[in-house]
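K.L.:
3D model of this:
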Amino acid sequence: MSTITMNPPHADARFWNLIAARYARKAVPDQAAYETKLRKTNGYLNITDRVLEIGCGTGSTALHHASRVASVLGTDISPRMIDIAREKARAAGADNVAFEVSSVEDLESAPTPYDVIMAHSILHLVEDVPATLQRLYGLLKPGGLLISNTQCIGDSARWLGWVAPMGRHLGVLPRVNVFQEATFFAWIEDAGFAVEEVWQTKPKASHYVVARTV
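P.N.:
Prediction:
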């Protein structure tokens, strides 16, 4: 597991804490697409894999994949989300899964790099997307996989670029980064990854991307 440095609460933690319980109860918007992504991810996992999931929320995806790998560490900036994830792990008897409060910036390199990092619905919420991708590259072993699901909002809802900063200032929205598909894939390649798979349910939908360190 990575070492986690305990820094002051993340600026957006309060927002995610407030909605954590509702988030946990909320149905997945597109269950069929979610299940397809789970199946695709299962196909990339091995029983010896050490997996890190950043922005794990209430832990459902990490717990789904836990039986197919050696270990999973799920991290999130929201203590309330992590509390719920831990409750789910205890209820499921998943003893190879750990959940910790952390931002990706607070993760220090593990003695043994990860085989797989999952970053689902989180990259458009981090402070610096290129820096985050470079950070994740450094946490993976050579040939390791970054499996992500990301909404390129600049292609579907560019107006959020004007609304989101005001919403964040008022405390009703978290940070939202607005970028387009071409920019996102350029950032992935600039970080050192080679993209192996891209899947969308339809144009302008979120991108399920599997990328390997090279």
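
K.L.:
point out where this protein drops to low pLDDT.
P.N.:
Confidence mapping of the chain against pLDDT under 70 gives the ranges 1-8.

K.L.:
ok, the residue sitting nearest the centre point of it to Pro203 distance?
P.N.:
Residue closest to the mean C-alpha point of the chain, counted by C-alpha atoms, centre = their mean, is Ala119 at 2.5 Å. Counting by C-beta to C-beta, to the nearest Å, the separation of Ala119 from Pro203 is 22 Å. For every residue, glycine as well, the C-beta is placed using N, CA and C.

K.L.:
okay, buried residues for stretch 205-214 please.
P.N.:
Within stretch 205-214, the residues that count as buried by 16 or more other C-beta atoms under 10 Å are Ala205, Ser206, His207, Tyr208, Val209, Val210, Ala211, Arg212, Thr213.

K.L.:
ok, and the closest non-adjacent residue to the residue nearest to the centre of the chain?
P.N.:
Distances taken as C-beta to C-beta, 6 or more residues apart in numbering place Ser148 nearest to Ala119, at 4.2 Å, with adjacent residues excluded.

K.L.:
can you tell me the element the one you found falls in?
P.N.:
strand 140-150 (DSSP states H and E).

K.L.:
and that strand, what's buried?
P.N.:
For strand 140-150, a neighbour-count test (16+ other C-beta under 10 Å) marks Leu140, Gly144, Leu145, Leu146, Ile147, Ser148, Asn149, Thr150 as buried.

K.L.:
same thing with stretch 95-103?
P.N.:
For stretch 95-103, a neighbour-count test (16+ other C-beta under 10 Å) marks Val97, Ala98, Phe99, Glu100, Val101, Ser102, Ser103 as buried.

K.L.:
quickly note the distance from the residue lying farthest from the centre of the chain to Glu87.
P.N.:
Distance from the centre of the chain peaks at Leu170, with 24.9 Å (C-alpha atoms, centre = their mean). From Leu170 over to Glu87 the distance is 31 Å, taken as C-beta to C-beta.

K.L.:
same check on Met81?
P.N.:
Computed as C-beta to C-beta, the Met81 to Glu87 distance reads 11 Å.

K.L.:
what do you get for Leu73?
P.N.:
Counting by C-beta to C-beta - Leu73 and Glu87 are separated by 17 Å.

K.L.:
neighbour-wise, which of the two wins?
P.N.:
Using other C-beta atoms under 10 Å, the more surrounded residue of Leu73 and Glu87 is Leu73, with 24 against 14.

K.L.:
mind checking what secondary structure the more buried one has?
P.N.:
Put simply, Leu73 is strand when judged by DSSP: H, G, I helix; E, B strand; the rest coil.

K.L.:
wait, it touches Ile54, no?
P.N.:
No. Contact criterion C-beta atoms under 8 Å: Leu73 and Ile54 do not qualify, at 9.4 Å.

K.L.:
next, the buried residues of stretch 126-140.
P.N.:
Neighbour-count burial for stretch 126-140 flags Val126, Val129, Thr132, Leu133, Arg135, Leu136, Tyr137, Leu139, Leu140 (criterion: 16+ other C-beta under 10 Å).
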